[in-house]
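After the sequence you'll find the predicted model.
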Amino acid sequence: MAWKTPRIREPLDEPALYEYAIGALGRRMRTVAELRRLMRTRVEKSEAGEARIDAVILRLQAQRYLDDQAFATDYTRLRQEGAKFGRRRVQQDLQRKGVHEELVTTTLNTAYENVNEEALARQFLERKRMKPPTNDKESARVMRRLVAAGFSLNAVYKVLRAWNAPEDVLAAVEAADLDAAEQTYED
């Protein structure tokens, strides 16, 4: 099968770019940075193209179709209540989506202010239908899943201890984590 040559699109003018942005926002909520990245593929690479993007973004913000603060609040709530993710995972996701650091910090402080991280980790494990570990390998797997979901090591240890994970595994993991933390601190 022969490769199709990519279709070269004509750069969009401002009204067409606005319609494109409305369609993108209609499919999924986005940050200013994400929408800017999308629109850059639809305009020429010049100051005129950047000016069109800026004009469309200002118009969308004036109409309240595009608001990073509302995005961060809604995204955090959905990831916390729906997916049961920990604070660090949500923080990384928001940063990856281009939300400003100060906004991420204030949003997370508000959302995770009265949240019991250990209880949230238990809810995450229940949602993923994970069973208590019976050996070292399963303990390590549970720990990796919880750390990847954004929970602190303190909460992970509490959950594993409540599940009666082998103490030698917890001690080995804690020692490895302390070594890694010291290495990070020294760098």
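On my side now, so go ahead. Numbers count the residues shown, from 1 in each chain.

separation between residue 52 and residue 68?
Here residue 52 is placed at a distance of 20 Å from residue 68 (Cβ to Cβ, to the nearest Å). Where you see a C-beta, it was placed from the backbone N, CA and C, and this is true even at glycine.

next one: residue 29
10 Å.

so residue 98 is in which element?
Following DSSP states H and E, there is no helix or strand that holds residue 98.

OK, contacts around it?
31, 32, 33, 34, 37 (Cβ atoms under 8 Å, 6 or more residues apart in numbering).

surely the second one meets residue 58?
What that stands for is residue 32. No. Counting by Cβ atoms under 8 Å, residue 32 does not reach residue 58; the two are 10.3 Å apart.

Between the two, which is the more surrounded one?
Between residue 32 and residue 58, residue 32 has the larger neighbour count (other Cβ atoms under 10 Å), namely 18 against 11.

coming back round to it: tell me which of residue 29 and residue 68 has more neighbours.
Regarding residue 29 and residue 68, a neighbour count based on other Cβ under 10 Å identifies residue 68 as having more, with 21 against 16.

What is the burial count for the closest residue to residue 67 other than its chain neighbours?
Nearest non-adjacent residue to residue 67, counting by Cβ to Cβ, 6 or more residues apart in numbering: residue 61, 6.8 Å away. Neighbours of residue 61 under the rule other Cβ under 10 Å: 13.

Weed out the non-buried ones from the contacts of residue 98.
31, 32, 34 (16 or more other Cβ atoms under 10 Å).

Looking at those, which is nearest residue 87?
Relative to residue 87, the closest of the buried ones among the contacts of residue 98 is residue 31; by Cβ to Cβ it sits at 18.9 Å.

Kind regards, and thank you for your time.
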